[in-house]
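K.L.:
Pasting a predicted model and its sequence here:
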Amino acid sequence: MGFFSKLLGFDSDDEKIRNAYTDLSDMLRGTARKKHTSASSFSPAPQPSASPSAGCSRYGMPDEDCQYNYNGTYTEYFDDLFHREFPEYDIEYREEKRYHPATVFTFRQNGQIALIVELLSEKSSVRKLRSECSRSNIPYLRYYYNHDGWWNTRSYVTQRTRNALRG
């Protein structure tokens, strides 16, 4: 029995270890998918707590819906959240391939652009879209999908996005 077998409690170094490693890797990258499907990807969010640490699971992940406990990729998480929370807007997204890949969401209302949201890696330093939005007086938000300790919880993303839409 190998080290990982002993560590993970398996009887042999086989497919179970590879699956456990893959599941752990996917979870850390924010792409983990649940084994079951449900009618809704979100469960009701718990009430906010007075203590910042009281609202976290024993692994440090918030008890609230976030991109890391969502049943899909971070792009699917934001797409689902935006459509559920802002049904009065037409929302589309596109994948950008620049110096660093990005996902750009466009919120429209009555045919007019109301907001641009960019999902980027924390390693990205691109500013072009943000500058273009500023010159055109279009509200702009940026969310990093891989910044340590930033969970992009449902309440955080919803509140921040709503504030940007209100201008």
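P.N.:
That came in fine, so what should we check first?

K.L.:
contacts and neighbour counts: CA atoms only from here.
P.N.:
Will do.

K.L.:
quick one, strands of the chain?
P.N.:
90-96, 102-109, 112-120, 140-144 (DSSP state E).

K.L.:
Of those strands, flag the one that's most buried.
P.N.:
Looking across the strands of the chain with neighbours counted as mean count of other Cα atoms under 10 Å, the highest average goes to strand 112-120: a mean of 20.

K.L.:
Neighbouring strands - and their directions - for that strand?
P.N.:
strand 102-109 (antiparallel), strand 140-144 (parallel) (DSSP bridges).

K.L.:
mind putting these in TSV, distance to residue 65 included?
P.N.:
Putting these into TSV (distance: least, Cα to Cα, whole Å) gives the following:
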stretch	distance to residue 65
strand 102-109	20
strand 140-144	16
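
K.L.:
where does this protein dip in pLDDT?
P.N.:
Within the chain, the ranges that satisfy pLDDT under 70 run 1-59.

K.L.:
let's see it at 80
P.N.:
Low-confidence segments of the chain (pLDDT under 80): 1-61, 98-100.

K.L.:
how many neighbours does residue 130 have?
P.N.:
For residue 130, the count of nearby residues is 18 (other Cα atoms under 10 Å).

K.L.:
Verify the stated contact: it with residue 136.
P.N.:
No: using Cα atoms under 8 Å as the test, residue 130 is too far from residue 136 to be in contact (10.0 Å).

K.L.:
any idea how far residue 76 is from residue 132?
P.N.:
Using Cα to Cα, to the nearest Å, residue 76 is found at 26 Å from residue 132.

K.L.:
Compare these two (neighbour count), which wins?
P.N.:
Neighbour count, other Cα under 10 Å: between residue 76 and residue 132, residue 76 has more, with 15 against 12.

K.L.:
can you pull the contacts of the more buried one?
P.N.:
Shown in contact with residue 76 (Cα atoms under 8 Å, 6 or more residues apart in numbering): no residues.

K.L.:
Ok, the one 3 residues further on next?
P.N.:
For residue 79, the set of contacting residues under the criterion of Cα under 8 Å, 6+ apart consists of residue 93.

K.L.:
quick one: it and residue 137, what's the gap?
P.N.:
Noted for residue 79: a distance of 24 Å to residue 137, by Cα to Cα.

K.L.:
One more: residue 63?
P.N.:
37 Å.
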